[in-house]
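K.L.:
need a structure here:
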Amino acid sequence: MQTNGTHALLQRLWTLPGLDAYRSGWVLDRAGWPLADLRAYGGDWLTTYARLCQPGLGEPALWPAPQQEALVSEWSRPLCFRLLMPWLAIYILFDRALPLAALQVVQDEEGRPALTLADLPCPSPLMTSAVTPRDLVEQVLAPRLDDLCQLLACRPRVVWGNAGSYWQWWVHSDHLASLIAALPPAEQESARLRLQQAQACCDDATWPSMPAGRNPLYQAMRFRGSPAKPVRRVCCQRYHLPGLEMCHYCPSLHTPPRRRSDD
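P.N.:
Okay, the predicted model is just below:
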């Protein structure tokens with residue numbers, strides 16, 4: 001392993017307090033399939049996942065639309081989480097960027113997506129000025145989530161809700177703030193600026209480069225009640241699958257479920 005390579009960036013990240021638990025989402029000892037080609041194999045992988053997690057339901061292409069949507073949503077959750085947390089943390093804390101084109105995906109033992117990438121030379125600090133969190137959204141998230149939604153019946157807003165919830169939770173977390181505070185004083189100011197840049201990706205309602213000029217990550221999590229508790233803007237639909245219940249962030253626990261639409 002190169003000491004200045006992309007694998008070394010991940011290894012460095014996992015040595016930080018409380019982050020070692022996240023290494024299970026990455027498999028660095030074998031190659032995977034390019035994340036950019038998700039549509040080519042995603043249908044087969046969703047079928048494998050469906051057979052493992054819901055063996056009694058048959059082929060997912062024959063499932064009712066709400067269950068198809070729940071399957072896509074559940075499969076996308078670890079994909080979003082395992083991608084966003086380390087990419088954003090490395091960008092904010094180290095002023096580096098994992099190369100978007102090198103991202104690859106494999107399936108874990110439960111059929112869920114895990115990530116890997118080639119051990120490439122580490123990008124220099126100067127290179128990161130041309131790679132921003134918006135690039136991650138526009139070049140990776142948007143096309144891949146669109147691919148997923150076209151494989152089975154799934155509304156884009158459902159999987160964007162998963163991505164936005166993880167993104168918003170992480171960039172506003174006390175844990176990330178404490179990691180920034182532990183940096184050398186000379187690095188803290190620039191790290192906080194990069195943090196603000198990442199936060200804007202879920203705090204800004206408009207995004208001219210996205211369809212209809214709307215930001216699909218906008219306020220995926222909102223706070224309701226007293227004391228305030230986080231609530232998802234859009235339900236992940238997981239309760240449509242046998243054995244799964246509404247999560248405690250579910251908006252349907254606070255308001256009646258809306259009638260399903262085609263948006």
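
K.L.:
Quick check, S190 in contact with D95.
P.N.:
Yes. At 6.7 Å, S190 counts as touching D95 under the criterion of CB atoms under 8 Å. Every C-beta, even on glycine, is put in place using the N, C-alpha and C of the backbone.

K.L.:
neighbour-wise, which of the two wins?
P.N.:
The neighbour count for S190 versus D95, taken as other CB atoms under 10 Å, is higher for D95 (18 against 13).

K.L.:
got a pLDDT number for that one?
P.N.:
Per-residue pLDDT puts D95 at 92.

K.L.:
just P256 next, same as before
P.N.:
55.

K.L.:
which helix in the chain runs the most residues?
P.N.:
Ranked by residue count, the top helix of the chain under DSSP state H comes out as helix 65-94.

K.L.:
which residues touch S165?
P.N.:
By CB atoms under 8 Å, 6 or more residues apart in numbering, the contact set of S165 is A220, M221, R232, Y249.

K.L.:
Could you check which helix or strand contains it?
P.N.:
Taking DSSP states H and E as the definition, S165 sits inside helix 156-171.

K.L.:
got the angle between that helix and helix 65-94?
P.N.:
30 degrees (axes from the mean of the first three to the mean of the last three CA atoms, to 10 degrees).

K.L.:
Please report how far the nearest residue to Y91 once chain neighbours are set aside lies from R194.
P.N.:
Using CB to CB, 6 or more residues apart in numbering and skipping residues adjacent in sequence, the residue nearest Y91 is A97, 5.5 Å away. Going from A97 to R194 by CB to CB, to the nearest Å gives 10 Å.

K.L.:
try L84
P.N.:
Separation of L84 from R194 (CB to CB): 15 Å.

K.L.:
higher neighbour count, those two?
P.N.:
The residue with more neighbours, out of L84 and R194, is L84; 24 against 20, by other CB under 10 Å.

K.L.:
residues contacting the more buried one?
P.N.:
Contacts of L84 by CB under 8 Å, 6+ apart are L136, A163, Y166, W167, W170.
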